[in-house]
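Chemist: what's the 3D shape of this:
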Amino acid sequence: MLRIPPSLNHDTRTHFAVGDIHGNLDGFQKILTHAQLIDKKGNWNGKNVVLAQLGDVIDRGPKSFGAWRYLQKLQMQAKQSQGKVVRLLGNHEDMLCQGYETEKTRPLQKHLKLQKLILQDIKQADVQAVYHDGYYTYSHAGFGSEVLRRTIEKIEKKNPSWQDIAAVCNLHFRNIHDPTLQVSRKEHPYLHQVPKRRPGGKHPRGGILWEDYRDLSQSVEKKEEHFAGPQIVGHTTNPVHYIRSVQSGRLICIDSKILLNCLSYLKIDYQQGRIEKICRSRYIRTWKAMPIYVCQKGQTPPWQMTWQNSSRESAE
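Modeler: This next block holds a predicted model:
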């Protein structure tokens, strides 16, 4: 199995994660309201916590432009209160940046305006490809082994950590979307995709914007070689429209079909040793919190063991 050294920098603040929005700004705001991250006027109220949004903000729903602008606003407001809003790119934004007409009903002028807005945020590093909090790695669709190996090969450092991998991915990611550099997308394995993905297949090569959760989850359950490190992903919708996880949260997929008003978010409380999914179905309009991992009395949560190992290894 791929072994990646633990990161030395750990963000132990409470983390909230939200999956694909797809233009459903109203649903997204309902999620943030329930999580107490915004006030009645829609402004940041999360103090110093971290909110990670995993991409696919645009397309399909009615308010793609508004959802993108709203995340920009929250990101600025969170900084002012020592909080953090992490914005990751999804395959829909990436396709729009390449010039594809991702939403047929969007007028051309608005289409180009949104494309320019996204490219500007990428250039300013307000939007990234990968985020690592010291334990979990967040990306739109996830890292399979082949993509991960080929990414590590591009890092000029022995035994790179996940934070090293995230930093290099984000640098290359910005270069790819900078028209003045004319960088070929083929040079970057984490954007690799095959024309026809096979759910559950043994060769997951979708790249971090196109990977399939079903491939990754099978890898974890079978303890196969092509999975390394705890990950939080979106992208792959769930037939029952709920957050899914395997092995007590080693892999979590948080895309739960927001366009059908199946609202959900993930809460990671590193201090209390608890990970839970909070969901509201389209039929039952009450919110329900369901634990994914709860640290029992006398136990050490997996992230504490990871951080202790990293400190020990750095001291050696």
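Chemist: and stretch 59-71, how far out from the chain middle?
Modeler: Its chain's C-alpha centre and that of stretch 59-71 lie 17 Å apart, by C-alpha atoms, centre = their mean, to the nearest Å.
Chemist: mind jotting down where the helices sit in the chain?
Modeler: In the chain, the helices defined using DSSP state H lie at 25-34, 64-80, 91-97, 108-123, 145-153, 162-176, 213-221, 302-315.
Chemist: extract the C-alpha trace of the third one and format it as CSV.
Modeler: In this case it means helix 91-97. Extracted in CSV, the C-alpha atoms of helix 91-97 (Å, rounded to 0.1, in the frame of the first residue of the first chain):
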residue,chain,number,x,y,z
ASN,A,91,-15.4,19.1,-13.0
HIS,A,92,-18.2,21.5,-14.1
GLU,A,93,-16.1,24.6,-13.4
ASP,A,94,-13.1,22.9,-15.0
MET,A,95,-15.1,22.2,-18.2
LEU,A,96,-16.4,25.8,-18.3
CYS,A,97,-12.8,27.1,-18.0
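Chemist: ok, and what's touching it?
Modeler: With C-beta atoms under 8 Å, 6 or more residues apart in numbering as the test, helix 91-97 has contacts from 22, 55-59, 102, 111, 114-115, 118-119, 122, 127, 140-141, 177, 191, 209-210, 235. Using the backbone N, CA and C atoms, a C-beta is placed for each residue, glycine as well.
Chemist: residue ranges with poor pLDDT in this structure?
Modeler: 1-8, 102, 104-105, 186-206, 221-228, 239-241, 307-316 (pLDDT under 70).
Chemist: what about 50?
Modeler: 1, 194-204, 226, 314-315 (pLDDT under 50).
Chemist: hang on, the earlier thing: make a markdown table out of the helices of the chain and add distance to residue 45 and mean neighbour count.
Modeler: What follows is the helices of the chain, written out as a markdown table (distance: least, C-beta to C-beta, whole Å; neighbours: other C-beta atoms under 10 Å):
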| stretch | distance to residue 45 | mean neighbour count |
| --- | --- | --- |
| helix 25-34 | 9 | 19 |
| helix 64-80 | 9 | 18 |
| helix 91-97 | 26 | 23 |
| helix 108-123 | 23 | 15 |
| helix 145-153 | 37 | 18 |
| helix 162-176 | 28 | 20 |
| helix 213-221 | 31 | 21 |
| helix 302-315 | 26 | 14 |
